[in-house]
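Student: got a predicted structure here, sequence first:
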2 protein chains.
Amino acid sequence: VKLAAIVVRTNMRFFKLTIAYDGTDFSGWQWQPDRRTVQGELERAVRQITGESTRLIASGRTDAGVHALGQAVTLATESQLAPDVLCRALNANTPADLAILDIQTARNGFNAIDDAKGKRYRYLIQDGAVPNVFMRHYAWQVRQHLNVDAMHEAAQPLLGTHNFKSYETAGSPRVSTVRSIRDFFVRRQSWNDTTYIVMEVEADGFLYNMVRNLAGTLVEVGREKKSTTWPTEVLAAHDRRLAGMTAPPHGLYLVRVNF
Amino acid sequence: VKLAAIVVRTNMRFFKLTIAYDGTDFSGWQWQPDRRTVQGELERAVRQITGESTRLIASGRTDAGVHALGQAVTLATESQLAPDVLCRALNANTPADLAILDIQTARNGFNAIDDAKGKRYRYLIQDGAVPNVFMRHYAWQVRQHLNVDAMHEAAQPLLGTHNFKSYETAGSPRVSTVRSIRDFFVRRQSWNDTTYIVMEVEADGFLYNMVRNLAGTLVEVGREKKSTTWPTEVLAAHDRRLAGMTAPPHGLYLVRVNF
C-alpha cells in the first residue's frame, strides 16, 4: 500500500485539526500496514468525507499507548466544506477513542511539525500499594508512595535552556540536543477518590522520549533513592546511561501544541 | 456448575472485604456460567489462596458496566491467614480491573447485605458536543450542555424520607419503596482538561435502578426540557412511567457501603 504525498494544487486549502485520542488501543500515531494507528483511522475518515487519499502531518508522532489531549494535525484538501461542517463529518466517521476537537483554517503551506513553536506534555503517575483499577491504562502505576515535593524541587533547575542529551533515547537523534523548558511542575491531584501525581512540562521542543526519561528520573527522586540534585547532575553529564529508566508510554499525554 | 453455599463451621472466620472494580469488561457482580463476573473472578482468587469453594456476598449486586470504588463483600473462610496477608495474596491473583483495597475481621455471621446501614453512589455525566475519548466507558456522554445548577436545585426536595416508587425499575421489587436520602448533590468537576458532572447520592438503601432513574430524570432538567420542580412531581405520583429514562450503567459507581 502506498499513500500519496501531499501535492499542492491551486485550489487546495489548509486546515489545522486539534484532535484527542485514547492511545490504549492504537499502535501510535504513524500509519503502519495492518496496524490500527491514529493516522490510519483519521486518513480513512478524511477519505470517506472528501474522497481524497491524503497524507496527514501531526506535530508529534506519539508512540503506541501514548495519549493526546490536543494533538495538532495538518490537513490539505480540495474539499470546500466549512471547517465546522468538516469537523462534524469527520467526528461521525472516527472511532470512539479518537475525536476531532476543533478545525481552523490555516495559511497555505501550514505544516504542523515545522510551524510548531512548542509543546506541552503531561505525565501521570499513580502511586501506592494497590494500583487504582481505573488508572491502569492512563498512568504509570508505582507501588511505592512517592515524595512529590522532592520531585518538584528536583525539576526546577531543569527550567530554561540546556543540553538535554542525557534525557534523549538513542534511535531518533536530533541535530541539536539543546531545548528550552518554559514550565515544569510536579504536583498531586485527585480524581474519583484516588490521588495521583501530575508531571507537566512545556518546552520549545522535545528530544525522543525526553518526557518519559524525565519522568523515570524524577520517580527515582520520589522513591528517595536519589537526591533532589541528581537530575541536574545527570543533565550536566550529557550521558543517557546516567538517567533513570524510560517511563512507560501509557502515562504520557500530548496536552497542547503552540504555534 | 454448582457452587457451595456458606456452611458455617466452628473454626470459620468472617472478613469484610472492600473492593474496587472497573465494570467495563465484567458482566456485573453476580456469578453466571460462561460469563466474566466480579464474583466469579473473586471466588476463583479465594479458591486459589485458600483451596475453598466459597460463595461471596456483596452489598450491592451491580449490573454489567457498573463500577465500584468501595464495594463491600463478606468472606467466610477457614483460612488462618492474617487479613493483610490475605489481602496481598488475593490481589496477586485478581485481574488488573479488580482490586481488594482492604480486608477487616468481621463478627461471626457478618452479612454484607443485611448488615449494611446505607450506601453511597456516584453518577458521572460528560456533556458537550464532542464526547471526551477518555470518559467513554466511565461517564454517560450527553451531547448537549447541561444546566448543572438546575439539576442540583431539582435534587434537593428529594432529600429525606419518601416513597421512591416512581424511581424504581420493575423486575426486582422491594417490600417497601420508602427510602431516606441523606445527601444528594450535583456539581461540575474537571479531570485531565475536561469538565464533567458528578451526581452523588447517599441513602439508607436504594430501589432497583433508583440512581440511574434519578440521573435520567435530572438530565431532563439539565437539558431544560423539564422544570426544576418536575422530579418532585414525579416522586409524588408514585408512577415509574412519569420519570425520565434509566441512565446507562457505565456512568454509575458504588462509592461506599456504610455499616
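Tutor: Good, I have the coordinates.
Student: residues in chain A within reach of chain B, list them.
Tutor: Within chain A, the positions lying close to chain B (CB under 8 Å from any CB of the partner chain) are A:20-22, A:67, A:69-70, A:91, A:96-101, A:122, A:130-134, A:136, A:138, A:191-193, A:253, A:255. For the C-beta atoms, the positions are set from N, CA and C on the backbone; glycine is no exception.
Student: go again using 6 Å as the cut-off
Tutor: For chain A, the residues in contact with chain B (CB under 6 Å from any CB of the partner chain) are A:20-22, A:69, A:96-97, A:99, A:101, A:130, A:133-134, A:136, A:191, A:193.
Student: widest-spaced pair of those residues?
Tutor: For the residues of chain A next to chain B, the maximum inter-member distance is 34.0 Å, found between A:L101 and A:V130 (CB to CB).
Student: returning to what we had before: so which of the residues of chain A next to chain B sit within strands?
Tutor: Among the residues of chain A next to chain B, DSSP state E puts A:A20, A:Y21, A:L69, A:A99, A:L101, A:W191 in strands.
Student: on that earlier part again, now the residues of chain A next to chain B in TSV, with pLDDT?
Tutor: As requested, the residues of chain A next to chain B are exported to TSV (pLDDT from 0 to 100):
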residue	pLDDT
A:A20	98
A:Y21	98
A:D22	98
A:L69	97
A:A96	95
A:D97	97
A:A99	97
A:L101	97
A:V130	89
A:V133	96
A:F134	95
A:R136	95
A:W191	83
A:D193	82
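Student: what subset of those is buried?
Tutor: Neighbour-count burial (16 or more other CB atoms under 10 Å in any protein chain shown) applied to the residues of chain A next to chain B gives A:A20, A:Y21, A:D22, A:L69, A:D97, A:A99, A:L101, A:V130, A:V133, A:F134, A:R136, A:W191.
Student: closest to A:T77 among the residues of chain A next to chain B?
Tutor: The closest of the residues of chain A next to chain B, once distances to A:T77 are taken by CB to CB, is A:L101, at 18.2 Å.
Student: ok, now how distant is that closest one from A:Y21?
Tutor: Applying CB to CB, to the nearest Å, the value for A:L101 to A:Y21 is 10 Å.
Student: A:G40 - that's part of a strand, no?
Tutor: No: going by DSSP: H, G, I helix; E, B strand; the rest coil, the assignment for A:G40 is helix, not a strand.
Student: can you pull the contacts of it?
Tutor: By CB atoms under 6 Å, 6 or more residues apart in numbering or on different chains, A:G40 lies in contact with A:W31.
Student: and the pLDDT at it?
Tutor: Looking at A:G40, its pLDDT stands at 97.
Student: now A:I6
Tutor: pLDDT, A:I6: 54.
Student: check the one 10 residues further on too.
Tutor: Per-residue confidence (pLDDT) for A:K16: 98.
Student: ok, it touching A:T105?
Tutor: No: counting by CB atoms under 6 Å, A:K16 stays clear of A:T105, with 7.9 Å between them.
Student: partners of the spatially most central residue of chain A in the sheet?
Tutor: Closest to where the C-alpha atoms of chain A average out (CA atoms, centre = their mean) is A:L254, at 2.9 Å. For A:L254, the beta-bridge partners under DSSP bridges are A:A68, A:Y121.
Student: tell me who's in contact with it.
Tutor: Per CB under 6 Å, 6+ apart, neighbours of A:L254: A:G60, A:T62, A:A68, A:Q71, A:Y121.
Student: next: A:E224.
Tutor: A:N147.
Student: now A:L218
Tutor: Contacts of A:L218 by CB under 6 Å, 6+ apart are A:M151, A:A154.
Student: repeat for the one 5 residues further on
Tutor: Counting by CB under 6 Å, 6+ apart, A:R223 touches A:Q144.
Student: not counting sequence-adjacent ones, nearest residue to A:Q104?
Tutor: Take A:Q104 and drop its neighbours on the chain: the residue closest to it by CB to CB, 6 or more residues apart in numbering or on different chains is A:K16, 4.8 Å away.
Student: so how far is A:F206 from the one you found?
Tutor: 20 Å.
Student: out of those two, which sits in the busier spot?
Tutor: A:F206 (24 against 21; other CB atoms under 10 Å in any protein chain shown).
Student: just the pLDDT for the more buried one.
Tutor: 96.
Student: tell me the SS of it?
Tutor: Assignment for A:F206 (three-state DSSP): coil.
Student: for the residues of chain A next to chain B, which one is nearest A:Q144?
Tutor: Of the residues of chain A next to chain B, the one sitting nearest to A:Q144 (CB to CB) turns out to be A:V130, at 12.1 Å.
Student: would you check that the closest one makes contact with B:A99?
Tutor: Yes: between A:V130 and B:A99 there is a contact under CB under 6 Å: 5.2 Å.
Student: so what's A:V201 closest to, chain neighbours aside?
Tutor: Going by CB to CB, 6+ apart, A:V201 has A:F184 as its nearest residue, at 4.8 Å.
Student: same question but for A:V148, I mixed them up
Tutor: A:V148's closest residue in space is A:R188 (CB to CB, 6+ apart), at 5.1 Å.
Student: B:Q189 versus the one you found, what's the distance?
Tutor: 16 Å.
Student: out of these two, which sits in the busier spot?
Tutor: Per other CB under 10 Å, whichever of A:R188 and B:Q189 has more neighbours is A:R188, with 15 against 12.
Student: which strand or helix spans the more buried one?
Tutor: strand A:178-191 (DSSP states H and E).
Student: show me what that strand is in contact with.
Tutor: A:148, A:151-152, A:155, A:158-159, A:161, A:163-164, A:195, A:197-205, B:191.
Student: just those: which are in helices?
Tutor: Mapping the contacts of strand A:178-191 onto helices (DSSP state H) picks out A:V148, A:M151, A:H152, A:A155.
Student: how far away is A:A116 from A:A68?
Tutor: 14 Å.
Student: what do these two both touch?
Tutor: If you check A:A116 and A:A68 against CB under 6 Å, 6+ apart, no residue is contacted by both.
Student: neighbour count: those two, which is higher?
Tutor: Set A:A116 next to A:A68 and count neighbours by other CB under 10 Å: A:A68 wins out with 31 against 16.
Student: buried residues, stretch A:179-195. List them.
Tutor: Quick answer for stretch A:179-195 (16+ other CB under 10 Å): A:R179, A:I181, A:F184, A:V186, A:W191, A:N192, A:T194.
Student: and the residues you listed, which two are furthest apart?
Tutor: A:R179 and A:N192 (34.6 Å).
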